[in-house]
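Undergrad: prediction below, plus the sequence it came from.
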Amino acid sequence: MFAYLGLQNFFAALTAPLAPEDVTPSLRFDAAARLCATLSNGAHTYLTLSCPGGFEIVRARCEFGVIVLDRGVDGTSAQAFPIGACLAFAWLGAGIADMIEQTMACPRPCIPATISSGADAPEGVVGAPYSHRIVISGTPPFSLGEMVIPQWMIVTLDAGEVRLSGTPDAPGAYVVQIPLNSCGNLTPFFITCINVAVPVAP
């Protein structure tokens, strides 16, 4: 289960209307950035959405810098909210239940990180943007260990995924080794060799 976090004194206002089916709210940038910085590696919290005549409880998490909401939780239903509607942290039943589960005397065993999908990395092409996602299965939180990657590659860890990106600048076979800290141990999570070819002439 992803970790639950309480966020004392968190308040924000919508800067765009939110329809009942929307899951990515538009927030003031500083509030969105601050919330994403806190909800890393799959953590979540519960917030209230409110305006005159409307109230809803949502579960919030961060995915690659974007706040994503699970709408209408803890006995509420998804509603429409206008610009300026208040989004705030509150102690709620769902959050208290998560907190109790996380602090039980006999907690769930920690499951070490394994690759759920993305074990086979695609080949690259010189001068073409490279992108690959590796989905993590296991018990968060996770953190990156000391990596072996080519100079052109950037590795990010967010919301239970490891993302590889960058633009290869020379052909060759590049070794990639990405260890993860998981369940208190450093494990060799992802090891591969990525072949980069020269562009095919038209």
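TA: On my side now, so go ahead.
Undergrad: in contact with the residue sitting nearest the centre point of the chain, which residues?
TA: In the chain, the C-alpha closest to the average C-alpha coordinate belongs to A159, at a distance of 2.0 Å (C-alpha atoms, centre = their mean). By C-beta atoms under 8 Å, 6 or more residues apart in numbering, the residues touching A159 are N41, G42, R61, C62, E63, F64. Bear in mind the C-beta positions are built from the backbone N, C-alpha and C, glycine included.
Undergrad: the nearest residue to the third one once chain neighbours are set aside and L186, how far apart?
TA: For R61, ignoring the flanking residues on the chain, the nearest one in space by C-beta to C-beta, 6 or more residues apart in numbering is H44 at 4.4 Å. The gap separating H44 from L186 is 25 Å, by C-beta to C-beta, to the nearest Å.
Undergrad: neighbour count winner among these two?
TA: The neighbour count for H44 versus L186, taken as other C-beta atoms under 10 Å, is higher for H44 (19 against 13).
Undergrad: quick check: that one touching V58?
TA: No - using C-beta atoms under 8 Å, H44 and V58 do not qualify as a contacting pair, with a distance of 10.1 Å.
Undergrad: how many other residues sit next to L49?
TA: Residues near L49, counting by other C-beta under 10 Å: 23.
Undergrad: apologies, that question was intended for E21.
TA: The criterion is other C-beta under 10 Å. On that basis, E21 has 8 neighbouring residues.
Undergrad: what kind of secondary structure is it in?
TA: When classified by DSSP: H, G, I helix; E, B strand; the rest coil, E21 comes out as coil.
Undergrad: in contact with it, which residues are there?
TA: By C-beta under 8 Å, 6+ apart, the contact list for E21 reads R71, A78.
Undergrad: please shift the residue numbers so they start at 8 in all later answers.
TA: Let's use 8 as the start, then, which means that last one is E28.
Undergrad: phi, psi for it please.
TA: Geometry field for E28 lists phi and psi as phi -90, psi -10, criterion degrees, to the nearest 10.
Undergrad: having no further points to raise, I will conclude here.
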